[in-house]
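Q: could you work out the structure for the sequence below:
(one chain, ligands or ions: 3)
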Amino acid sequence: MRVSVFGATGSIGESTFDLLSRRDDIETVALTGGRNVTRLAQQARSLSAQLAVTAHDDCYLALKQALSGSGIEVAAGTDALIAAAERPTDWVMSAIVGAAGLAPGFRALAQGATLALANKESLVTAGPLLMREAARHNARILPVDSEHSAVFQALTGEDITTVERVIITASGGPFRTWSKAQLAGASLAQAAKHPTWDMGQRITIDSATLFNKALEVIETREYFDLRPEQIEVIVHPQSIIHALVGFRDGALMAHLGAPDMRHAIGYALNWPERAALPIARLDLAQLAQLSFEAPDPDRFPALRLAREVMELRGHAGAAFNAAKEVALDEFIAGHIGFQDMALLVERTIDSLLSNSGLTDAVESLETVAAMNQMARDIATRLASRMTSSGA
Ligand SMILES: NC(=O)C1=CN([C@@H]2O[C@H](COP(=O)(O)OP(=O)(O)OC[C@H]3O[C@@H](n4cnc5c(N)ncnc54)[C@H](OP(=O)(O)O)[C@@H]3O)[C@@H](O)[C@H]2O)C=CC1
Ligand SMILES: CC(=O)[C@@H](O)[C@H](O)COP(=O)(O)O
Ligand SMILES: [Mn+2]
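A: Ligands and ions are numbered 1, 2, ... in the order given. This next block holds a predicted model:
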């Protein structure tokens, strides 16, 4: 099987690399990364990739040097990422973080490859477009986000019209039990420490605000074509149950597994087979208890914002994600506080409400990119005011 991995040097990329390294039937077409060219070159040599691409032009020479004598092609820049996605292959892992992951995944679908989609931002920003592209080219999108892989697995062999509801779980993040007063002082180091999963920094902080779950609610709607009221979130601090599907006879089918993304990645890599995977087996007696609680919309407004975005439809998902990306950058830079992130996203959406483009149907990558930029500009402006006023 020919495979390409976008975002190979990240957390999902490394887990994918681990699974690919254990197989002897894999032909690696392209591996892409960002600034970590040393690791990208190691991976490319190890998997004998045809091509290695860094997203950054200024990293080209370093990557070229790291791969000298290997015979592996080297390229750099966003156009090179697109060209890599157009190289014929069978299976593509989409694991770039953020809206930057959309265009390569879209191109991979256009050449008919199976898209293993970790990059949830693709569906949040351009769900209908991506689904149409997959259908047009008879290409398949397989969910890699753990909750959506869990739903996909629970739905196997089921009639989607018998589904009443889908429940995705949230760990609640590191601040699950914190008061609003405590949240006001939440630091970057505290937010970047996930209680159960080992992930990249950005998604880890999104888990702390529950923006990760907000994106996932929208992602659920796009994958499974459900009405927003059919999608529920339950806080489950152990991250053992990843999702549950409720059917019209009252049955709930739950998916359980150790918090290890190699499960969802391996499922997508081997689908429709269920192959053996090197994942820790659950010891239920040792776990002893699985607990659940309702999310608190007062301390964590992100889920409420996601519901508003789903009502708006159109380009609201792209605006929501863009504002969230800016808010995250501003928090990481120390310009705004933890709770300011949700405030900034809400203010950006409010400011865009008077813009008719927000609710226009998603027609092309260009309109999505335009909304992405507009929302980023507004959020950046609003953030600078927050910084100077302290609110
Ligand atoms: N980590 C997880 O367990 C899960 C992640 N996801 C989703 O998967 C995606 C990846 O997450 P994760 O692996 O944690 O992220 P990481 O930050 O660990 O990795 C991101 C990858 O994307 C590359 N990258 C960063 N910015 C750009 C850019 N602008 N253009 C091209 N490449 C870029 C990075 O390169 P470099 O590091 O070399 O600079 C790296 O290879 C996200 O969409 C996330 O929401 C979903 C479920 C679980
Ligand atoms: C592993 C995975 O799929 C993440 O999206 C995970 O769900 C993050 O944890 P939270 O449940 O805390 O958002
Ligand atoms: Mn998830």
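Q: OK, contacts around the residue nearest to Pro128 when sequence neighbours are not counted?
A: Ranked by C-beta to C-beta, 6 or more residues apart in numbering and with sequence neighbours excluded, the top spatial neighbour of Pro128 is Val362, at 5.3 Å. Glycine gets a C-beta too; all of them are placed from N, C-alpha and C. Shown here is Val362, whose contacts under the criterion C-beta atoms under 8 Å, 6 or more residues apart in numbering are 126-129, 314-315, 318, 368.
Q: any idea how far Val97 is from the closest residue to ligand 2 within the stretch 1-150 of the chain?
A: For the stretch 1-150 of the chain, the nearest residue to ligand 2 under the criterion C-beta to the nearest ligand atom is Ser146, separated by 3.3 Å. The spacing between Ser146 and Val97, counted by C-beta to C-beta, to the nearest Å, is 16 Å.
Q: and Ile231, by the same measure?
A: When C-beta to C-beta is applied, the distance between Ile231 and Val97 equals 23 Å.
Q: what residues does the stretch 201-350 of the chain have near ligand 1?
A: 202-203, 261 (C-beta under 6 Å from any ligand atom).
Q: weed out the non-buried ones from those residues.
A: Buried positions within those, assessed by neighbour count (16 or more other C-beta atoms under 10 Å), are 202-203, 261.
Q: where are the low-confidence patches of this structure?
A: For the chain, the stretches with pLDDT under 70 are 388-391.
Q: and it, split by domain according to the record?
A: The chain breaks down into these domains under automatic domain parsing: 2-143, 148-259, 313-389.
Q: can I get these in JSON lines including distance to ligand 2?
A: Formatted as JSON lines, these follow (distance: least, C-beta to the nearest ligand atom, whole Å):
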{"stretch": "domain 2-143", "distance to ligand 2": "8"}
{"stretch": "domain 148-259", "distance to ligand 2": "3"}
{"stretch": "domain 313-389", "distance to ligand 2": "13"}
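Q: among those domains, which is nearest Gln286?
A: Closest approach to Gln286 among the domains of the chain is made by domain 148-259 (11.3 Å; C-beta to C-beta).
Q: just the terminal-to-terminal distance for that closest one.
A: One end of domain 148-259 sits 14 Å from the other (C-alpha to C-alpha, to the nearest Å).
Q: so Ala258 versus Ala264, what's the distance?
A: 11 Å.
Q: right, I mislabeled it, should have said Asn36
A: Counting by C-beta to C-beta, the gap from Asn36 to Ala264 is 23 Å.
Q: neighbour-wise, which of the two wins?
A: The residue with more neighbours, out of Asn36 and Ala264 and counting by other C-beta atoms under 10 Å, is Ala264; that gives 27 against 17.
Q: check contacts around the more buried one.
A: Contacts were defined as C-beta under 8 Å, 6+ apart; by that measure Ala264 touches 143-146, 149-150.
Q: and it, what element?
A: Taking DSSP states H and E as the criterion, Ala264 maps to helix 262-270.
Q: now do the next helix or strand after that helix: everything it contacts.
A: If you walk from helix 262-270 toward the C-terminus, the next helix or strand you reach (DSSP H and E) is helix 284-287. The set of residues external to helix 284-287 that reach it, using C-beta under 8 Å, 6+ apart, is 238, 240.
Q: measure the residue nearest to Pro228 when sequence neighbours are not counted to Leu226 for me?
A: Excluding the flanking residues, the one nearest Pro228 by C-beta to C-beta, 6+ apart is Met310, at 4.4 Å. Met310 sits 10 Å away from Leu226, taking C-beta to C-beta as the criterion.
Q: more neighbours, these two?
A: Relative neighbour count places Met310 above the other of Met310 and Leu226, with 21 against 18, counting by other C-beta under 10 Å.
Q: list the helices and strands the helix or strand encompassing that one packs on?
A: Element membership for Met310 (DSSP H and E) is helix 302-312. Using 3 or more C-beta pairs under 8 Å, 6 or more residues apart in numbering; DSSP states H and E as the contact definition, the elements that helix 302-312 packs against are helix 211-224, helix 316-332, helix 340-352.
Q: so who does the residue nearest to Pro228 touch?
A: Neighbouring residues of Met310 by C-beta under 8 Å, 6+ apart: 217-218, 221, 228, 316.
Q: save the helices and strands packed on helix 302-312 as JSON lines, and put in distance to ligand 3 and mean neighbour count too.
A: Formatted as JSON lines, the entries for the helices and strands packed on helix 302-312 read as follows, by distance: least, C-beta to the ion, whole Å; neighbours: other C-beta atoms under 10 Å:
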{"stretch": "helix 211-224", "distance to ligand 3": "5", "mean neighbour count": "25"}
{"stretch": "helix 316-332", "distance to ligand 3": "15", "mean neighbour count": "26"}
{"stretch": "helix 340-352", "distance to ligand 3": "18", "mean neighbour count": "22"}
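Q: need these in a markdown table with distance to Ala113, can you?
A: Compiled in a markdown table, these are given as follows (distance: least, C-beta to C-beta, whole Å):
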| stretch | distance to Ala113 |
| --- | --- |
| helix 211-224 | 18 |
| helix 316-332 | 24 |
| helix 340-352 | 33 |
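Q: many thanks, I have nothing further to ask.
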